[in-house]
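Engineer: sequence? don't have it. structure:
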């Protein structure tokens, strides 16, 4: 992901997105002709590599296309599309496989990448600012990590979310055992995933109206909400109530994601914004991967409810890290210029 972010800062982001989509279309189209598992895994790996520049490039381009006054609407709308697709995609994929087999799914997925490339090409506006001058501290792939480390809020969010995701990984593994504990089996497992998805879709829609003065509260909500939701799952005796708690956690997480994107986009110059988004994604994805490695033995030791309780604790720890940074009064202010609108955001160091 850091390499993908570097591409978004080095080249025109519109071209980066179109190239990523076209390469994605080629790789997923190739999967329709492959039947050997090892070769399929290799192609999927390539598909993930070519898709890596897309996410940070989109995140970096939003302030240029939407302007700082419409960040919540833009980021919330993008989040709605992403969460809706993740919720509906598995169901649609299952139906398509039943109708036409996996080859049909690969072809349609390839077509979706091609359609995405066409849509990006038709967008009017500038995806990047002029880069006539080079700032030494913004050079190199590590510049995104450097900016994260120097900015007090972004640094705190990175640490808080990494700790929070150490618990979320165990929750994902614990979903099926939890459903089985209630006698729901695979149906319950699907309902748990759908509940999170519905909550995330609703949270993204609500976040489209998030005002700037509420962004820090929305960011903090992403630690308190999962803490409450996961904590309730560990004690609630009714599966229906558990589904509601999971949906609540998903909704607050979606609001928090939009709030973070708004804050990060305002606090990061355009010249390094794609690398910052890529660096943040690399950190939280790495934390999630680590949690998956330990999740199996951990869930086996403490049970599915214990895993949810642990996720609630890691969420609370994340909140404890964020709170003094977001609202502390003893720290000296740090002013970070907004490269997109010429504004400044004052934050405690």
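Structural biologist: Received, thanks. Note that the coordinates shown come from a computational prediction; the quantities given were computed from them, not determined experimentally. Numbers count the residues shown, from 1 in each chain.
Engineer: could you pull out the helices for the stretch 1-150 of the chain?
Structural biologist: 2-10, 13-31, 37-51, 54-66, 71-100, 102-122, 143-150 (DSSP state H, counting those that start in this stretch).
Engineer: would you turn these into TSV with mean pLDDT, distance to residue 266 and mean neighbour count?
Structural biologist: Yep, even glycine has a C-beta here, placed from its N, CA and C like the rest. TSV is the format used below for those (pLDDT from 0 to 100; distance: least, CB to CB, whole Å; neighbours: other CB atoms under 10 Å):
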stretch	mean pLDDT	distance to residue 266	mean neighbour count
helix 2-10	76	17	23
helix 13-31	90	18	20
helix 37-51	88	26	14
helix 54-66	89	7	24
helix 71-100	85	7	16
helix 102-122	89	24	16
helix 143-150	88	13	20
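Engineer: now the ones you listed in CSV, with distance to residue 326?
Structural biologist: Listed next are those as CSV, based on distance: least, CB to CB, whole Å:
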stretch, distance to residue 326
helix 2-10, 25
helix 13-31, 30
helix 37-51, 32
helix 54-66, 21
helix 71-100, 17
helix 102-122, 34
helix 143-150, 16
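Engineer: between the ones you listed, which one is closest to residue 173.
Structural biologist: helix 71-100 (17.3 Å; CB to CB).
Engineer: so how far is the closest one from its chain's centroid?
Structural biologist: Relative to its chain's centre, helix 71-100 lies at 14 Å (CA atoms, centre = their mean, to the nearest Å).
Engineer: what packs against that helix?
Structural biologist: Packing partners of helix 71-100 (3 or more CB pairs under 8 Å, 6 or more residues apart in numbering; DSSP states H and E): helix 54-66, helix 102-122, helix 185-207, helix 239-267.
Engineer: okay, now the domains of the chain?
Structural biologist: Segmentation of the chain into domains, based on automatic domain parsing, reads 2-122, 141-331.
Engineer: out of the ones you listed, nearest to residue 129?
Structural biologist: That would be domain 141-331 among the domains of the chain, by CB to CB, at 4.3 Å.
Engineer: centre of the chain versus that closest one, how much separation?
Structural biologist: 9 Å.
Engineer: the stretch 201-349 of the chain: helices as residue ranges?
Structural biologist: So, for the stretch 201-349 of the chain - with DSSP H, counting those that start in this stretch - the helices run 215-233, 239-267, 270-327.
Engineer: the last one - what's its average pLDDT?
Structural biologist: The reference is to helix 270-327. Here helix 270-327 scores 90 as its mean pLDDT.
Engineer: ok, back up a step: so can I have CSV of the helices of the stretch 201-349 of the chain showing mean neighbour count?
Structural biologist: Formatted as CSV, the helices of the stretch 201-349 of the chain follow (neighbours: other CB atoms under 10 Å):
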stretch, mean neighbour count
helix 215-233, 23
helix 239-267, 24
helix 270-327, 20
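Engineer: let me know which of these is the nearest to residue 11.
Structural biologist: helix 270-327 (9.8 Å).
Engineer: quick one: the closest one to helix 13-31, angle?
Structural biologist: If you take axes from the mean of the first three to the mean of the last three CA atoms, to 10 degrees, helix 270-327 sits at 90 degrees to helix 13-31.
Engineer: helix 270-327 packs against which elements?
Structural biologist: helix 2-10, helix 54-66, helix 143-150, helix 152-181, helix 215-233, helix 239-267, strand 344-348.
Engineer: one more pass at 7 Å, please.
Structural biologist: helix 2-10, helix 54-66, helix 143-150, helix 152-181, helix 215-233 (3 or more CB pairs under 7 Å, 6 or more residues apart in numbering; DSSP states H and E).
Engineer: so which of the helices of the stretch 201-349 of the chain gets nearest residue 120?
Structural biologist: When the helices of the stretch 201-349 of the chain are compared by CB to CB, helix 270-327 sits nearest residue 120, at 15.0 Å.
Engineer: just want the angle from the closest one to helix 54-66.
Structural biologist: 90 degrees.
Engineer: my read: residue 167 touches residue 309, true?
Structural biologist: No - with contact defined as CB atoms under 7 Å, residue 167 does not count as touching residue 309 (9.2 Å).
Engineer: flag the shaky bits of the stretch 101-250 of the chain, pLDDT-wise.
Structural biologist: The stretch 101-250 of the chain contains residues with pLDDT under 70 at 130-140.
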